[in-house]
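Q: any chance you could fold what I've pasted below:
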Amino acid sequence: MYDHILVPTDESDHAERAADHAALLAGAFDATVHLLTVVDIEAGAGPFSAGGVDKNYIERQMTDHREALAEREADLNVPVETSVATGAPSEGILDYVEDNQIDLVVMGTHGRSGLRRYLTGSVAERVVRLSPVPVLTVRATETGTVGSGYGDILVPTDGSERAAAAVGHAIAVAGAFGSTVHAVSVVNVGDIATGADVTVPRDLLAEFEDAAAEATEAVAREAEDAGLDAVTEVRTGRPKQDLLEYITDRDIDLVVMGTHGRTGLDRVLLGSTAEALLRRAEVPVLTVSEPSD
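A: Below you'll find the predicted structure:
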């Protein structure tokens, strides 16, 4: 499933945690970890460098980052390749993915602190939107600590092709760690109701719940066919809140979910549920884009 795993790093706690998860996955899949630092020279030089930066400054930056990567490489007990590039971080990451047969990107995200709550153009979110391969985002939280593996994996599903794209990845990771797969579907009453004071018709609600149950059972069957334990649950409510609650209530270790594809308007929209989990979930979230036509 994964032969080459890319970890973009800026030496932050979030990036360090991402490298730990990448090493865990690399060990399970016999993969090589690629540590990459993309140095934004112009941004790093500060606001008073209108004349640009000199060659010595660039060389110092490159040398410092190479040394930092070499130290991190020594801590990982898996095959590692390191690289330092210059330019816009998100573009450098995406270029590296394309040029080096990367199968998975594992990167830190700062979550919801400060203005990050409103910056949809942040590096992690841009990479998630545009990456041709799955992206695992990791935060440096207590529940995001690397242990012996992922005991419980949540797969949100609505039965769509977008959601189905993530199932194979969830089962592959679960198979590597002997995880239990949790297939969960939340019927969005906000989408069904026509107004704040309108009750959802019982027959219509039952129809949506039946479809949700069918979607979760399809995921469970795939997991069981792979020799894995699986549980299903259908909830009626608000997907973002219900999924976040499920993560906490069931001690989920990893979320694997589909996002919008990479064409047209989808290039700037992850889908509100996926975006909410990326920003607010305390555990790692693996996002998989529906293949483009």
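Q: make it CA atoms for all contacts and neighbour counts henceforth
A: Will do.
Q: what's the closest non-adjacent residue to A124?
A: Spatial nearest neighbour of A124, chain neighbours left out: T109 (6.0 Å); criterion: C-alpha to C-alpha, 6 or more residues apart in numbering.
Q: residue contacts, that neighbour?
A: Contacts for T109 were tallied using C-alpha atoms under 8 Å, 6 or more residues apart in numbering; they are 14-15, 124, 137-139.
Q: can you give me the helices in the stretch 51-200 of the chain?
A: In the stretch 51-200 of the chain, the helices defined using DSSP state H, counting those that start in this stretch lie at 55-75, 89-99, 123-130, 161-177, 189-192.
Q: quick one: residues in contact with whichever strand or helix holds L204.
A: Here L204, judged by DSSP states H and E, is contained in helix 202-225. By C-alpha under 8 Å, 6+ apart, the surrounding residues in contact with helix 202-225 are 157-159, 167, 171, 181-187, 192, 229-234, 236.
Q: just the buried members of these?
A: 157-159, 167, 171, 181-187, 229-232, 234, 236 (16 or more other C-alpha atoms under 10 Å).
Q: number of nearby residues for D95?
A: 12 (other C-alpha atoms under 10 Å).
Q: for T216, same thing?
A: Count around T216 with other C-alpha under 10 Å applied: 24.
Q: tell me the pLDDT at it?
A: pLDDT recorded at T216 is 96.
Q: what confidence value was assigned to the closest residue to it other than its chain neighbours?
A: Of all residues beyond its chain neighbours, the one nearest T216 is A183 (5.1 Å), with distances taken as C-alpha to C-alpha, 6+ apart. For A183, the pLDDT comes out at 97.
Q: ok, now L278?
A: For L278, pLDDT reads 85.
Q: what's the answer for L228, then?
A: pLDDT for L228: 98.
Q: what's near enough to touch it?
A: 174-175, 178-181.
Q: kindly report the same for V173.
A: V173 neighbours (C-alpha under 8 Å, 6+ apart): S179.
Q: pLDDT weak spots in the stretch 101-250 of the chain?
A: Counting by pLDDT under 70, the low-confidence segments of the stretch 101-250 of the chain come to 111-121, 190-200.
Q: no further queries at this time; thank you.
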